[in-house]
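S.K.: Sequence and predicted structure, then a few things I'm wondering about:
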Amino acid sequence: MNTNILNIQSVQLDDEHDTLLILDQTKLPNTHVVLKLKTPDEIWDAIYHLKVRGAPAIGIAAAYGVYLGAKQLDITDVDAFLEAFIKLKHYFACSRPTAVNLFWALDKMQACVNENKHVSVSDIKIALLAVAHQIKDEDALVCKSIGQHGLTLLEKDMGLLTHCNAGQLATAKYGTALAPIYLGYELGYNFKVFADETRPLLQGARLTAHELMAAGVDITLICDNMAATVMKNGWVDAVLVGCDRVAANGDTANKIGTSGVAILAKHYNIPFYVCAPTATIDLQCVTGDDIEIEQRKAEEITEQWYTERMAPAGVKVYNPAFDITDAKLITAIITESGIVRAPYEKTLNGLFE
Ligand code: MRU
């Protein structure tokens, strides 16, 4: 196996130079550009424009972003620092609304500031750095654990289908939905993976196909509208997807198109698994209706990726970035703490008891 892909860092801090290194995912697979970002504005922009993307990676980038912003504050009074920190936190919280990992990571950073109110501003900054590193390091462990649990549901020669990119690039390491695939591959499993291209931003084509090919996994790229055909052909034994937020009843937000894949999987009697770090579970959202769905610009559908515009100028466009998969379509949710099944109201809550 070519393991290089598992060493690639989508987000990395160069603390010595006050710089966040972000692998620009909008340039993949053709160009490997590492952005050197210093200011909160630059990091916010990278999150908004999906240069760094995927729920866990967004949380990691925001944690480092708020740390770097706080580090640059020329303030020694603790109360004034707290006030400026809260502004920074709110700023990053506005970058993308759906992935709860963003808010989860920012809340962890806020908790760190609150716990350290009694020490000097320079010591608070040191504590913030430690928490940001911890968020990243823990994500790699969480993803590995999701991979190990997920693997217990799979067999050696299975055909698998995935949507969007929930892999190495979206996390600190392994990914969520791709973690069982990487771990299985290391054990000599012969998974045959189908990646939906994932319109409109092509995370499946540009990122999932790229990273699984680099790893040496058998990967076939399909257009989103071909999923039914590969399922009908009997080539898919299980679907694995990531998620951006799971509501208390198990309804799950993930990349637009996921819900359609789940409906197809139900029709063809194929297990549909959601891979979710517990940080992605939001018990404050009672159902999927409580999850805010990000709306994005029309140009992503009409122009981006094309050499010329591919829709009439002025056409009305609806471009939700995520959809909600009903809990009843989900066979199981795979977390780092174990695999849960319906009734999700009970089993998801149990993960936190
Ligand atoms: O808009 P994106 O590319 O950030 O959306 C990413 C997804 O929907 C992923 O499936 C999800 O964040 C899980 S990543 C481990």
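M.R.: All right, it came through fine. Numbering: from 1, shown residues only.
S.K.: how far does the longest helix seen in the chain sit from the chain's center?
M.R.: Taking DSSP state H as the criterion, the chain has its longest helix at helix 121-151. Computed by C-alpha atoms, centre = their mean, to the nearest Å, the chain-centroid distance of helix 121-151 equals 15 Å.
S.K.: That helix and the ligand in contact?
M.R.: No - Helix 121-151 lies apart from the ligand when judged by C-beta under 6 Å from any ligand atom; the minimum separation is 7.9 Å. To be clear about C-beta, it is placed using only N, CA and C from the backbone, and glycine gets the same treatment.
S.K.: Show me what that helix is packed up against.
M.R.: Identification of packing neighbours for helix 121-151 by 3 or more C-beta pairs under 8 Å, 6 or more residues apart in numbering; DSSP states H and E yields strand 11-14, helix 55-71, helix 78-93, helix 100-115, helix 179-186, strand 272-275, strand 332-335.
S.K.: angle of it against helix 78-93?
M.R.: 30 degrees (axes from the mean of the first three to the mean of the last three C-alpha atoms, to 10 degrees).
S.K.: and the ligand, which of the helices and strands packed on helix 121-151 is closest to it?
M.R.: Across the helices and strands packed on helix 121-151, the ligand has its closest neighbour in helix 55-71 (3.6 Å, C-beta to the nearest ligand atom).
S.K.: Give me the mean pLDDT for stretch 230-240.
M.R.: On average, the pLDDT along stretch 230-240 is 98.
S.K.: Report the buried residues of that stretch.
M.R.: Residues of stretch 230-240 classed as buried by neighbour count (16 or more other C-beta atoms under 10 Å): 230-231, 235-240.
S.K.: Sort out for me which of the residues you listed are in helices.
M.R.: Counted as lying in helices by DSSP H, out of the buried residues of stretch 230-240, are 230-231.
S.K.: I'd like to know how many residues surround the closest residue to the ligand within the stretch 151-300 of the chain.
M.R.: Distances between the stretch 151-300 of the chain and the ligand by C-beta to the nearest ligand atom are smallest at residue 242, namely 2.8 Å. Per other C-beta atoms under 10 Å, the neighbour tally for residue 242 reads 31.
S.K.: Quick check: the gap between it and residue 195.
M.R.: 13 Å (C-beta to C-beta, to the nearest Å).
S.K.: Low-confidence regions, the protein specifically.
M.R.: Counting by pLDDT under 70, the ranges of the chain that qualify are 1-3.
S.K.: What parts of it come near the ligand?
M.R.: Counting by C-beta under 6 Å from any ligand atom, the chain sits next to the ligand at 50, 53-56, 99, 164, 166, 170-171, 175-176, 203, 242-244, 254-255, 321.
S.K.: Quick one: the helices and strands packed on helix 121-151 as JSON lines, columns for mean neighbour count and distance to residue 135 too.
M.R.: Formatted as JSON lines, the helices and strands packed on helix 121-151 follow (neighbours: other C-beta atoms under 10 Å; distance: least, C-beta to C-beta, whole Å):
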{"stretch": "strand 11-14", "mean neighbour count": "19", "distance to residue 135": "10"}
{"stretch": "helix 55-71", "mean neighbour count": "27", "distance to residue 135": "5"}
{"stretch": "helix 78-93", "mean neighbour count": "16", "distance to residue 135": "13"}
{"stretch": "helix 100-115", "mean neighbour count": "20", "distance to residue 135": "5"}
{"stretch": "helix 179-186", "mean neighbour count": "23", "distance to residue 135": "18"}
{"stretch": "strand 272-275", "mean neighbour count": "25", "distance to residue 135": "18"}
{"stretch": "strand 332-335", "mean neighbour count": "25", "distance to residue 135": "17"}
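S.K.: could you dump those to TSV with distance to residue 285?
M.R.: Output for those, formatted as TSV (distance: least, C-beta to C-beta, whole Å):
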stretch	distance to residue 285
strand 11-14	26
helix 55-71	14
helix 78-93	16
helix 100-115	8
helix 179-186	24
strand 272-275	15
strand 332-335	14
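S.K.: Could you pull up the contacting residues of the nearest residue to residue 282 once chain neighbours are set aside?
M.R.: Nearest residue to residue 282, sequence neighbours excluded (C-beta to C-beta, 6 or more residues apart in numbering): residue 100, at 4.6 Å. Shown in contact with residue 100 (C-beta atoms under 8 Å, 6 or more residues apart in numbering): 55, 244-245, 279-282.
S.K.: again, only this time at 6 Å
M.R.: Taking C-beta atoms under 6 Å, 6 or more residues apart in numbering as the contact definition, residue 100 lies against 245, 280, 282.
S.K.: Residue 105 now?
M.R.: Contact analysis of residue 105 by C-beta under 6 Å, 6+ apart lists 59, 62-63, 135.
S.K.: switch the cut-off to 8 Å
M.R.: By C-beta under 8 Å, 6+ apart, the residues touching residue 105 are 59-60, 62-63, 135, 279.
S.K.: Give the closest residue to it in space, chain neighbours not counted.
M.R.: Spatial nearest neighbour of residue 105, chain neighbours left out: residue 59 (3.5 Å); criterion: C-beta to C-beta, 6+ apart.
S.K.: quick one: the one you found and residue 104 touch, right?
M.R.: Yes - using C-beta atoms under 8 Å as the test, residue 59 is close enough to residue 104 to be in contact (6.1 Å).
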